[in-house]
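Asks: After the sequence you'll find the predicted model.
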Amino acid sequence: MKIVKKVIKKTLRKIGIDRINKALKSQGVKYELAKTGATYYTYYWRKATKKIDLKTLPSFWEIASMVIDDQRTSLYYDRLYTLWQGVLSVPSFDYPLAEIGTYRGGSAKFIIETMKKNGYKNKFFVFDTFEGHALVDQRLDGKHRVGSFGDTSYEEVKAYLNSPNVTLHKGNFLETAQNIDHITNFGMVHIDVDVHPVTTFCLKFFERRTLPGSIIIVDDYGNLSCKGLKKAVDDFVQTNSHFKMFYLLTGQALLVKVNNVEAV
């Protein structure tokens, strides 16, 4: 196997990625070898056989597979496993959870089913415009536009997430955040909004509404098309000593609150 890998690497270097992609294109192949980004590198798979197979975690695998099969989320097993660990990290039923940017409800459904599977009865607040991006920064957010990801439905997601502990809010979070303004002990927050302005607002909002040990998971931090979001997270961490950030190989940013800050 090692010999095969070496031969492939030498062949790729000799022929060149550009020439291979050009040949693929000439044959009508829609895919190409990545020049940049994670797929070009091999460190993700180093000693992969020594790492845990998520299929051996039946409780997680069952729920994740169900949500993926429902085709209501772009999160795959790796990112869903981060959410799984996030839910299990919440220390008490008294700590609510929140998700901002649920789109078609897949990740929220995963969180709900994870709580049910593990006996959690925490309140869960879910937010989305259900009309796509309400606000973008054209200088930072690249191809993201107002209205992107608008192919969803409040009514469908509400029916999909139907659960007694879940509250679903429709609208721009900069306005609907007032519905949870009084809560100051969120145990886990999942932010999946893609763009700079709303990510900045979310982080500032939950800065004072979490307790030490609480976590914030920001999706798409490592996504090359979400540079505005990355800047929002970086700026927040650099100016906020109350949180420590870990950049996960899933592309998510994990923010852990380590110090308290005066309550609102």
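Replies: Nice, thanks for sending it over. Numbering: from 1, shown residues only.

Asks: pretty sure residue 121 is in a strand, no?
Replies: No. Read with DSSP: H, G, I helix; E, B strand; the rest coil, residue 121 is coil and lies in no strand.

Asks: residues touching it, list them.
Replies: Residues in contact with residue 121 (Cβ atoms under 8 Å, 6 or more residues apart in numbering) are 93, 115, 165. Placement of C-beta: from N, CA and C, glycine included.

Asks: Looking at the last one now. What's its pLDDT?
Replies: Taken from the predicted model, the pLDDT recorded for residue 165 is 94.

Asks: And the helices in this protein, which stretches?
Replies: In the chain, the helices defined using DSSP state H lie at 2-15, 17-26, 58-69, 77-89, 106-117, 154-160, 173-176, 196-207, 227-238.

Asks: Please report phi then psi for residue 141.
Replies: Dihedral pair for residue 141: phi -100, psi 10, per degrees, to the nearest 10.

Asks: The residue nearest to it when sequence neighbours are not counted and residue 61, how far apart?
Replies: Among residues not flanking residue 141 along the chain, residue 228 sits closest, at 4.1 Å (Cβ to Cβ, 6 or more residues apart in numbering). Counting by Cβ to Cβ, to the nearest Å, the gap from residue 228 to residue 61 is 34 Å.

Asks: Settle it for me: which of the two has more neighbours?
Replies: residue 228 (22 against 16; other Cβ atoms under 10 Å).

Asks: Walk me through the domains of this protein.
Replies: Split into domains by automatic domain parsing, the chain comes to 2-49, 52-257.

Asks: Mind checking the pLDDT average for the first one?
Replies: Domain 2-49 shows a mean pLDDT of 67 in the predicted model.

Asks: Packed most tightly, which of the domains of the chain would that be?
Replies: Highest mean neighbour count among the domains of the chain (mean count of other Cβ atoms under 10 Å): domain 52-257, with a mean of 18.

Asks: end-to-end on that one?
Replies: 28 Å (Cα to Cα, to the nearest Å).

Asks: Tell me where the model's unsure across the stretch 51-200 of the chain.
Replies: Judged against pLDDT under 70, the stretch 51-200 of the chain has no low-scoring part.

Asks: List the neighbouring strands of the lengthiest strand in the chain plus their orientation.
Replies: Secondary structure of the chain read by DSSP state E shows that its longest strand is strand 210-218. Strand 210-218 pairs in its sheet with strand 186-191 (parallel), strand 253-257 (antiparallel), by DSSP bridges.

Asks: what inclination does it have with respect to helix 77-89?
Replies: On the basis of axes from the mean of the first three to the mean of the last three Cα atoms, to 10 degrees, strand 210-218 is oriented at 170 degrees to helix 77-89.

Asks: thinking again about what came up before, can you verify my assumption that the residue nearest to residue 141 contacts residue 138?
Replies: No. Assessed by Cβ atoms under 8 Å, residue 228 is found out of contact with residue 138, at 9.4 Å.

Asks: which residue is nearest the middle of the protein?
Replies: Note on the chain: the residue nearest the mean C-alpha position is residue 219, at 2.5 Å, using Cα atoms, centre = their mean.

Asks: Not counting residues beside it along the chain, what's closest to residue 79?
Replies: residue 250 (4.9 Å).

Asks: Contacts only, for the one you found.
Replies: Shown in contact with residue 250 (Cβ under 8 Å, 6+ apart): 78, 79, 82, 222.

Asks: Apply 7 Å and report the result again.
Replies: 78, 79, 82 (Cβ atoms under 7 Å, 6 or more residues apart in numbering).

Asks: Ok, residue 105 next?
Replies: The neighbourhood of residue 105, defined by Cβ under 7 Å, 6+ apart, consists of 72, 157, 160, 161.

Asks: Same check on residue 190?
Replies: Taking Cβ under 7 Å, 6+ apart, we find residue 190 in contact with 83, 99, 107, 217.

Asks: Can you tell me which of the residues you listed is closest to residue 176?
Replies: Closest approach between the contacts of residue 190 and residue 176, by Cβ to Cβ: residue 99, at 12.6 Å.

Asks: what are the bridge partners for the closest one, then?
Replies: On the basis of DSSP bridges, residue 99 is bridged to residue 126, residue 190.
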